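Enquirer: model the structure of this input:
(2 chains, ligands or ions: 2)
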Amino acid sequence: MLEAKNITKTFQSEGVETPALRDVNLSLGKGEFVGIVGRSGSGKTTFLNVLSTLLAPNSGQILYQGEDVTGFSAQRLNELRNRDFAVVFQFHYLLPYLTARENVLLPFMNGLGTVGREEIARAEQCLERVGLAGKGGKLPGHLSGGEQQRVAIARALVKKSTVLFADEPTGNLDKATGESVMDLLAGLKRDGLAIVMVTHDEDYARGADRVVRMADGVVVG
Amino acid sequence: MNILTIPLRTMRKKWVKTLLLLLVFTLSVVSIVSLNYVSRVVGESLEKKLTAYGANILVMPRSEKLTVSYGGFSMGDMLMGVTDLRESEVEEKIQSIGYRDRISVVAPKLVAMTRVGGAAVGVVGVRFEREKVLKGYWAVDGAFPVAENEILAGAKAAEKLGLWAGGTVDLGGRIALVSGVLQPTGSDDDSVLFVGMDFAQAAFGQADHVSFVEVSALCAGCPIDEIVAQIAEKLPDVEIQALQSIVKQRMYSVHFVEHLILTVSLVILFIACCMVGATMLSSVNERIKEIGLLRSLGFSRGGIFGIFCFEAVLIGMAAGVIGYFGGYALSLKVLALLDMAGEAELALHPVHLALTCLLIVGVSVLAAFFPSWKAASIEPSTALISL
Ligand SMILES: Nc1ncnc2c1ncn2[C@@H]1O[C@H](COP(=O)(O)OP(=O)(O)OP(=O)(O)O)[C@@H](O)[C@H]1O
Ligand SMILES: [Mg+2]
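Expert: Ligands and ions are numbered 1, 2, ... in the order given. Here you go, the predicted model:
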C-alpha cells in the first residue's frame, strides 16, 4: 500500500552536506505495523518525514496506492495529509489555547466550513478510544504527559486515516505510560490501521509485525 | 468552529499583545482622523482670515482704452464703449454661480472725483460692512461709518484737506460727517475718501451704478479659474480678472498646512505599519511549530496565510472603527480648545468611516503580508524541528 523506493536525502546546511538517507527502501502492507529502530542520527526521523510527505527526498519514489506522491501538487499533498496520513510526534504538539476536544477536531478545521455535530461526536469517540472519555473539555496544560500524547493520537484517528506515522511517541513518557501508549497503538493496529513507528527502544518495537533497522542512513535488516 | 477559530483563540489567549497592537493602531487612526478634520477646519478658517489681504477677483466694465495724441498734442487716455455695471445685477449673478458658497465677499466700488475747498480728491463709494471684511487690516482713528452721510477719510487725504474725526466736509453739495480717519496703509486707500455707496450713488452717479466690483473667493475647494469662468458665464459683457498672485500667496499657506498634516499622517501610519509587521513577524517565529503541525494535518499554505491575515484584518477593523469615532471626538475637543468649534460644523460621515476602515485594514494586512507569507512557505518538517 505504501512503498518507498531508492530514497536518498542529503541535508545541506552552511555548506556542509549531511547524507541522512542513502538508497532506502521499504514497503508497508495494509494494516501492517512496522517499527523502525536504530541509533541516534541514523536517519529514522528523516525517513519517517519523507514517508509522511513532510519532507521532500532528493531522489526516489514514495508510492501510495500505486501513485508517486513526490510528484503531487500542493493541493493533493494537503488532502493526503489531511485524510489518509496521520502523524504523532515525540512531542504532542497540541495547541495550548484549544481544549483537548478542539485539538482532536483540528483536522476538520482546515477550511471555512463549520465543524458539525457528527464530527464532534467522532472526536468524542476517538477520545474514548484512547481512554480519555470525559476529558475533552480540558486544556492541554491541565493534562498529564501521557494524556497529552493520547490526545495527539486521538487527533490522528479522527479522520479515519489509513496510515499512522509515529516518531518516538513514547520518547517523552515514563516506562509505564509508554507501555500503555504502546498497548493503544497495538489495539489500533488490530482495528486495521497501518502504522510506521520510529523508536530506539527495542522493547517497544516488539509489538510491531516487522522491525526495520537503520544505521548511517541505510536499512541494515 | 472553523479555521478562524485558531486566530480568534490566539488573540484571546495573547490578549495583552492583541490589546497593545489594537492600541497602537487605534491611536494612529485617532491622530490621523483628528489631524485631517482639524486641518480641514483650520485650513478653511485660515483662508477666511487670509481674505483680509484683499480680493482675488476683479469685475470691471468691458472697455477699450485708447491713447489719443494728435499733432504733438496729447489728449490722454480715452475709454471707449464702457458698459454699465449695475450693482444689483452683478450681486445677483455672482450669488447664482455653482461655486456661490466659495464666495466670501462681494464688494462693489463707485469711484468719482470731487473738489473739497478747491482741492481735488478721489471719492470711493463702498458698502462699509463688506469693505471691513475685505480690508481686515484697516485701523481707524475714530469710528467706522454707520449712518448714510458718514465717511471715512484716507490718511493723506485727511491731511491734505484738513479733516479730522468728528469734523464735517462738503461733498458735491452734501454735508458729510467724518466719522473716522484711516491710519496710513501705504496703499491707494490713503489718498481717497470712502463714503457709503448710497450716498456716493446719489451724489456722484446714478442709483445702482458701480465702477467695478471686488470679489473675494475661497479657493480651498476649487481653482480660481473655475470661479472666474462661472462668473463670466453669468456676466458675459463684463470683464472678469483673477488676481492670481493673491490667490497663490493665500493658498500657499493653506496648502502648507495641509501638506504638513499629510506628511505627519503618513509617518504615523508607517510607524503603526512597522509595529504590526514586527509583532506579526515575532509571532510567526514563535508559532513556527504550530504552523508545522497545522501543515502536517493538511492545512494549506493559503489557510496558514489566512490565519495570520485574519488577525490583522480584525485588529485593523476594530482600530478603524474605534479610531474614527475617537478621532472625531478628539477633533471636536481640539477645535473647542482652539476656539474654532463654531467655524465649521464637523459631521460623522459613513463614507469617511468606511474609507478609514478600508485604509487601516489595507495597511495592517500589508504589514502582516510578509510575515504571513513567510509563515505559509515554511516546509512542514523544517517548521516542526525549528527552535
Ligand atoms: N534539518 C537538518 N539539517 C541538517 N542535517 C540534518 C537535519 N535533520 C537531520 N539532519 C542530520 O541527518 C542525520 C539523521 O537525522 P535524524 O533526525 O533522521 O536521526 P534520528 O535517527 O531520528 O536520530 P534520533 O534518534 O536522535 O532522533 C543526522 O546526522 C542529522 O544531523
Ligand atoms: Mg529522530
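
Enquirer: so which residues of chain B form helices?
Expert: B:5-13, B:15-50, B:87-94, B:128-134, B:155-161, B:197-204, B:224-234, B:244-286, B:288-296, B:301-337, B:350-376, B:380-385 (DSSP state H).

Enquirer: tabulate these (TSV), appending mean pLDDT, distance to ligand 1 and mean neighbour count.
Expert: No exception for glycine: its C-beta is placed from N, CA and C like everyone else's. Shown next, in TSV, are those (pLDDT from 0 to 100; distance: least, Cβ to the nearest ligand atom, whole Å; neighbours: other Cβ atoms under 10 Å in any protein chain shown):
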stretch	mean pLDDT	distance to ligand 1	mean neighbour count
helix B:5-13	91	26	18
helix B:15-50	84	30	19
helix B:87-94	90	80	17
helix B:128-134	87	79	17
helix B:155-161	91	91	18
helix B:197-204	88	92	20
helix B:224-234	86	68	18
helix B:244-286	81	17	16
helix B:288-296	90	12	23
helix B:301-337	90	20	20
helix B:350-376	85	18	18
helix B:380-385	82	6	20
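
Enquirer: would you turn the ones you listed into TSV with distance to B:V106?
Expert: Below are those laid out as TSV (distance: least, Cβ to Cβ, whole Å):
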stretch	distance to B:V106
helix B:5-13	59
helix B:15-50	15
helix B:87-94	5
helix B:128-134	7
helix B:155-161	25
helix B:197-204	12
helix B:224-234	10
helix B:244-286	16
helix B:288-296	69
helix B:301-337	28
helix B:350-376	33
helix B:380-385	73
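
Enquirer: tell me how far A:A215 lies from chain B.
Expert: A:A215 is 21 Å from chain B, where distance means Cβ to the nearest Cβ, to the nearest Å.

Enquirer: in the sheet, who's paired with that residue?
Expert: A:V218 (DSSP bridges).

Enquirer: surely it meets A:S42?
Expert: Yes. Here A:A215 lies in contact with A:S42, judged by Cβ atoms under 8 Å, at a distance of 5.1 Å.

Enquirer: who has more neighbours, the two?
Expert: A side-by-side neighbour count of A:A215 and A:S42, using other Cβ atoms under 10 Å in any protein chain shown, places A:S42 first with 23 against 14.

Enquirer: contacting residues for that one?
Expert: When contacts are counted by Cβ atoms under 8 Å, 6 or more residues apart in numbering or on different chains, A:S42 is found next to A:M214, A:A215, A:D216, A:G217.

Enquirer: please name the residues that touch B:V228.
Expert: Contacts here follow Cβ under 8 Å, 6+ apart; on that basis B:V228 touches B:I57, B:I240, B:Q241, B:A242.

Enquirer: if any of the residues you listed are buried, give me the PyMOL selection for them.
Expert: The following PyMOL line selects those of the contacts of B:V228 that are buried, judged by 16 or more other Cβ atoms under 10 Å in any protein chain shown:
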select buried, chain B and resi 57+240+242
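
Enquirer: all strands for chain A, in order.
Expert: Applying DSSP state E to chain A gives strands spanning A:2-13, A:16-28, A:33-38, A:59-64, A:67-68, A:85-88, A:163-167, A:194-198, A:210-215, A:218-219.

Enquirer: give the partner strands of the longest one in its sheet and their orientations.
Expert: Each strand paired with strand A:16-28, and its direction, by DSSP bridges: strand A:2-13 (antiparallel).

Enquirer: the strand it pairs with close to ligand 1?
Expert: Yes. Residues of strand A:2-13 contacting ligand 1 under Cβ under 6 Å from any ligand atom: A:F11, A:S13.

Enquirer: that strand: how far from the chain's middle?
Expert: Computed by Cα atoms, centre = their mean, to the nearest Å, the chain-centroid distance of strand A:2-13 equals 18 Å.

Enquirer: where does the stretch 51-200 of chain B get nearest to chain A, residue-wise?
Expert: Going by Cβ to the nearest Cβ, chain A is nearest to B:D101 of the stretch 51-200 of chain B, at 49.4 Å.

Enquirer: distance of that residue from B:N56?
Expert: Counting by Cβ to Cβ, to the nearest Å, the gap between B:D101 and B:N56 amounts to 16 Å.

Enquirer: and chain A, which residues reach chain B?
Expert: Within reach of chain B by Cβ under 8 Å from any Cβ of the partner chain, chain A has these residues: A:49, A:52, A:54-56, A:74-75, A:78-83, A:87, A:89, A:93, A:95-98, A:102, A:105-115, A:155.

Enquirer: and for A:L48, the neighbour number?
Expert: Residues within reach of A:L48, counting by other Cβ under 10 Å, total 22.

Enquirer: tell me who's in contact with it.
Expert: Neighbours of A:L48 in contact, by Cβ under 8 Å, 6+ apart: A:I36, A:F165, A:D167, A:V196, A:V198.

Enquirer: ok, the residue nearest to B:E311 when sequence neighbours are not counted - contacts?
Expert: Among residues not flanking B:E311 along the chain, B:P7 sits closest, at 4.7 Å (Cβ to Cβ, 6 or more residues apart in numbering or on different chains). B:P7 sits next to B:I307, B:F308, B:F310, B:E311, B:L314 when contact means Cβ under 8 Å, 6+ apart.

Enquirer: repeat that for A:V130.
Expert: A:R150, A:V151, A:I153, A:A154, A:L157, A:L184.

Enquirer: how far away is the second one from B:L353?
Expert: It stands for A:V151. As judged by Cβ to Cβ, A:V151 and B:L353 stand 45 Å apart.

Enquirer: so which bits of the stretch 251-387 of chain B are right by chain A?
Expert: Residues of the stretch 251-387 of chain B lying near chain A (Cβ under 8 Å from any Cβ): B:289-290, B:292-301, B:303, B:379-381, B:384.

Enquirer: if we use 10 Å, what do you get?
Expert: Proximity of the stretch 251-387 of chain B to chain A is confined to B:287, B:289-290, B:292-304, B:306, B:379-385 under the rule Cβ under 10 Å from any Cβ of the partner chain.
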